[in-house]
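Student: Model the following, please.
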Amino acid sequence: MPLCPNGHNQRLGLKCQVCGSPLSYREALSDLKVLPKVKPDFGKTSILTVGYPRLSLSTDYVGEVLSGQIDVRTPTTFQAASIRGGSWLDFYNKYLGELQRWLKIVGFDKASDRIMVVNTKDPVSVLALAALPKLEHTAVLALTADQDSTPIEQNTSYVALSLALKRGLPVVAFSESFEKEMIYFTEDRGFATGPFAMSRLLEPLVGAADDLMDLLERDLKLGVKLHCISAIVAGSKAVYGNAANAFTAQSYNMSVGTKPDEYRTVHCLAFSNGENQGEFEKSFGAYRSRKFKGALNAEFRFRQVSSPLYDVMTIYGLKSEGLLEGLADGYNAIVGSVPELNVDGVR
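Tutor: Okay, the predicted model is just below:
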């Protein structure tokens, strides 16, 4: 709306209703050229699954990158048409630029924290990690090949993991066998396995993304990029008795196979009633001192929840070489036959 020469705000008319001065609409046109700034809220946490079933999580954004029969583009899905006989290099060469544009359009880089759940055996995993812009506060939860995987799966997993580590992304690794054997029971949903169990495992981690990112980024400054995890989900005193027993129980279910000399840091995220904080913190300290006394860093974080059940997530920083060495035979076998499928094929 125009202003009168004396600065009074006006409605439509020919003269100022306050002082009677004539109004000039021509002078007011210049104000219409200035468009209001658009400042959308992209939320706190974004999740992107890659080659993995979409997870049911309550967060600001959940998207997926996968391959299928045809190309599909929606605000939450980037589906690349399957390439007959295609390797990770074929998807990388064909779709890299397009996926980079899609990630920018959906604003994946705009959230405060980002978590990628990546099936590193899937050919689109290398594509997605290569397309990701350089971002802070981004973690990769990686489903990795293991000794039961085929050489081509081991090759793809090796390249995807190497790329993530090269780009400085903290990685929490889960082996294929760990994911297959993962099973959780909750009172409201019953038994959960596979991707449903993975969703249940990720729920508390997503809710505590700021703590998770802080711990992983502290490890990055110590040169620790690769991690594994052990967890108890929906635990209770009726099952485990005290917190010390819970830590002992979860230590027998590591997400990847490791050797004692590979551990470099150990951290705990506990989710329980406030009255249990002291017990969990003390028990974690005893667990760390007993099994990981030489750890470079060890931190305990507590999140209060109203449920009578508790979740305990213990995150272990590892030497990166161990996991890659376990995949090296399959990787080298494929490179020996198809030299272009080496890790240097990704820019």
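
Student: Kindly format the C-alpha coordinates of stretch 64-84 as CSV.
Tutor: What follows is stretch 64-84, C-alpha atoms only, in CSV (Å, rounded to 0.1, in the frame of the first residue of the first chain):
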residue,chain,number,x,y,z
GLU,A,64,15.5,-43.0,0.0
VAL,A,65,17.9,-43.7,-2.9
LEU,A,66,17.5,-47.1,-4.6
SER,A,67,17.3,-48.9,-7.9
GLY,A,68,14.1,-50.2,-9.5
GLN,A,69,12.4,-51.0,-12.8
ILE,A,70,12.1,-47.3,-13.9
ASP,A,71,13.4,-43.9,-13.0
VAL,A,72,11.3,-42.3,-10.3
ARG,A,73,11.8,-38.8,-8.7
THR,A,74,9.6,-37.6,-5.9
PRO,A,75,10.5,-35.3,-2.9
THR,A,76,11.3,-38.4,-0.9
THR,A,77,12.5,-40.9,-3.5
PHE,A,78,15.3,-41.1,-6.0
GLN,A,79,14.9,-44.4,-7.9
ALA,A,80,17.4,-45.2,-10.6
ALA,A,81,16.3,-47.5,-13.3
SER,A,82,18.1,-50.8,-13.0
ILE,A,83,21.1,-51.4,-15.4
ARG,A,84,21.3,-54.9,-16.7
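
Student: May I see the buried residues of that stretch?
Tutor: For stretch 64-84, the neighbour count (16 or more other Cβ atoms under 10 Å) marks 64-67, 78-80 as buried. Glycine gets a C-beta too; all of them are placed from N, C-alpha and C.

Student: chain center to that stretch: distance?
Tutor: Shown here is stretch 64-84, whose average C-alpha point lies 20 Å from the average C-alpha point of the whole chain (Cα atoms, centre = their mean, to the nearest Å).

Student: what is the mean pLDDT for that stretch?
Tutor: The average pLDDT within stretch 64-84 is 95.

Student: where does Lys134 land in three-state SS?
Tutor: Under the three-state scheme (DSSP: H, G, I helix; E, B strand; the rest coil), the conformation of Lys134 reads as coil.

Student: Tell me which residues touch it, please.
Tutor: Counting by Cβ atoms under 8 Å, 6 or more residues apart in numbering, Lys134 makes contact with Arg167.

Student: where does it land on pLDDT?
Tutor: As predicted, Lys134 sits at a pLDDT of 86.

Student: now it: how far from Gln100?
Tutor: Look at Lys134 and Gln100: by Cβ to Cβ, to the nearest Å, they are 12 Å apart.

Student: any idea which helix or strand comes after the helix or strand hosting Asp211?
Tutor: Under DSSP states H and E, the secondary-structure element containing Asp211 is helix 209-221. Proceeding C-terminally, helix 209-221 gives way to strand 226-235 as the next helix or strand, assigned by DSSP H and E.

Student: between that next one and helix 209-221, what angle do the directions make?
Tutor: 150 degrees (axes from the mean of the first three to the mean of the last three Cα atoms, to 10 degrees).

Student: Strand 226-235: which residues count as buried?
Tutor: Of the residues in strand 226-235, those buried by neighbour count under the rule 16+ other Cβ under 10 Å are 226-235.

Student: Spit out the contact partners of the spatially most central residue of the chain.
Tutor: For the chain, the residue lying nearest the average C-alpha position, counting by Cα atoms, centre = their mean, turns out to be Ile115 (1.7 Å). When contacts are counted by Cβ under 8 Å, 6+ apart, Ile115 touches 45-48, 138-141, 202, 205-206, 209.

Student: can I assume it sits in a strand?
Tutor: Yes - remark: Ile115 belongs to a strand, assigned using three-state DSSP.

Student: who's it bridged to?
Tutor: In this structure, Ile115 has the following beta-bridge partners (DSSP bridges): Ile47, Ala139.

Student: And it, what's its pLDDT?
Tutor: Reported pLDDT at Ile115 in the predicted model: 92.

Student: So which residues of the stretch 101-250 of the chain form strands?
Tutor: Along the stretch 101-250 of the chain, the segments classed as strands by DSSP state E, counting those that start in this stretch run 113-119, 138-144, 171-175, 183-186, 190-193, 226-235.

Student: Tell me which stretches of the stretch 151-300 of the chain form helices.
Tutor: Counting by DSSP state H, counting those that start in this stretch, residue ranges of the helices within the stretch 151-300 of the chain are 151-166, 176-181, 194-207, 209-221, 237-240, 243-250, 277-291.
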